[in-house]
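S.K.: Any chance you can model this:
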Amino acid sequence: MDFNTHEINPVSSDFKNINWSEINYPPCYRIVHFRLNELKGSIKGFVLKLYLSVLIIAVVILINILSTIIKAAKDYSDGVNVFYAFLNVFALLVPAGAVAYGGYKTACLRVSMSDSVIRFRIYQIVLCALWLVFSITRAGCFDGWARISVLTSKHSSAANFCVFLVIVQALGFTASCVLGIICVFQISRVINEPDV
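M.R.: This next block holds a predicted model:
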């Protein structure tokens, strides 16, 4: 998202002091500027939802990696799915973080250009559609609700543990989808709402 040619809403005076060149997040890699304590009001709630959505996806991906390793070790799935599970860190977590950061910066700068808001909404809707599909399907390394019937037929403690992990993953994808949809509808109100 291009924020260099933005028009800042006059109610955003509280956010003009954010030092966007101070790169501090994520803690180990320091790629972007992100600090929740610089925010207040409805923008903080909006950004917190985006942040929680990305954290949920990160946890789901880690659980998916664990689940896929267990399933491959017990011959419940192909070993190549472990590789695919690790690739999901880049294929899913990076785009989720980029979209969340775009929404964060759009909200903080109160960008009045409609294309920034429209881009955020389109990208967020695509991610929400993916999260919904991944919460249902059992394709490859994805463990949606449909995987439960396959694992319950195995009758082992490892399969029962994998069923638990499938439920956690499906709930995580669903929760992230719901948070994303809320943010799609909330961004315009947050941008145009004066701070209290």
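
S.K.: Taking the centroid of this protein, which residue is nearest it?
M.R.: V54 (3.0 Å; Cα atoms, centre = their mean).

S.K.: I figured that residue hits A98, correct?
M.R.: No. In this structure, V54 is not within contact of A98 by Cβ atoms under 8 Å, at 9.6 Å. In this view, the C-beta of every residue, glycine as well, is placed from N, C-alpha and C.

S.K.: and the residue lying closest to N64 once chain neighbours are set aside, which of the three is it?
M.R.: When the adjacent residues along the chain are set aside, N64 lies closest to A85, with 5.2 Å between them (Cβ to Cβ, 6 or more residues apart in numbering). The three-state label given to A85 by DSSP: H, G, I helix; E, B strand; the rest coil is helix.

S.K.: now the one 10 residues further on
M.R.: Here P95 is helix, with the state taken from three-state DSSP.

S.K.: Angles on the backbone of D78, please.
M.R.: For D78, the backbone dihedrals are phi -70, psi 150 (criterion: degrees, to the nearest 10).

S.K.: what number of residues lie near it?
M.R.: For D78, the count of nearby residues is 14 (other Cβ atoms under 10 Å).

S.K.: Distance of it relative to L39?
M.R.: Separation of D78 from L39 (Cβ to Cβ, to the nearest Å) stands at 44 Å.

S.K.: And the worst-scoring helix or strand of the chain on mean pLDDT, what's buried?
M.R.: When each helix and strand of the chain is scored by mean pLDDT, DSSP states H and E, helix 147-152 comes last, with a mean of 78. By 16 or more other Cβ atoms under 10 Å, the buried positions in helix 147-152 come out as R147, I148, V150, L151.

S.K.: tell me the mean pLDDT over the following helix or strand past it?
M.R.: Remark: after helix 147-152, the chain's next helix or strand is helix 157-192, criterion DSSP states H and E. For helix 157-192, mean pLDDT is 89.

S.K.: other SSEs contacting helix 157-192?
M.R.: helix 41-73, helix 94-109, helix 114-136, helix 147-152 (3 or more Cβ pairs under 8 Å, 6 or more residues apart in numbering; DSSP states H and E).

S.K.: And that helix, what's buried?
M.R.: Those would be 159, 162-163, 165-166, 168-170, 172-177, 179-180, 182-184, 186-187, 190-191, for helix 157-192 by 16+ other Cβ under 10 Å.

S.K.: what does stretch 121-141 give?
M.R.: Quick answer for stretch 121-141 (16+ other Cβ under 10 Å): R121, Y123, Q124, L127, C128, L130, W131, L132, F134, S135, R138, C141.

S.K.: before we move on, what about stretch 60-73?
M.R.: V60, I61, I63, N64, I65, S67, T68, I70, K71, A72.

S.K.: what's the answer for stretch 21-37, then?
M.R.: Neighbour count says stretch 21-37 has Y25, V32, H33, F34 buried, by 16+ other Cβ under 10 Å.

S.K.: Contact partners for the second one?
M.R.: Read it as V32. Counting by Cβ atoms under 8 Å, 6 or more residues apart in numbering, V32 makes contact with I23, Y25, Y101.
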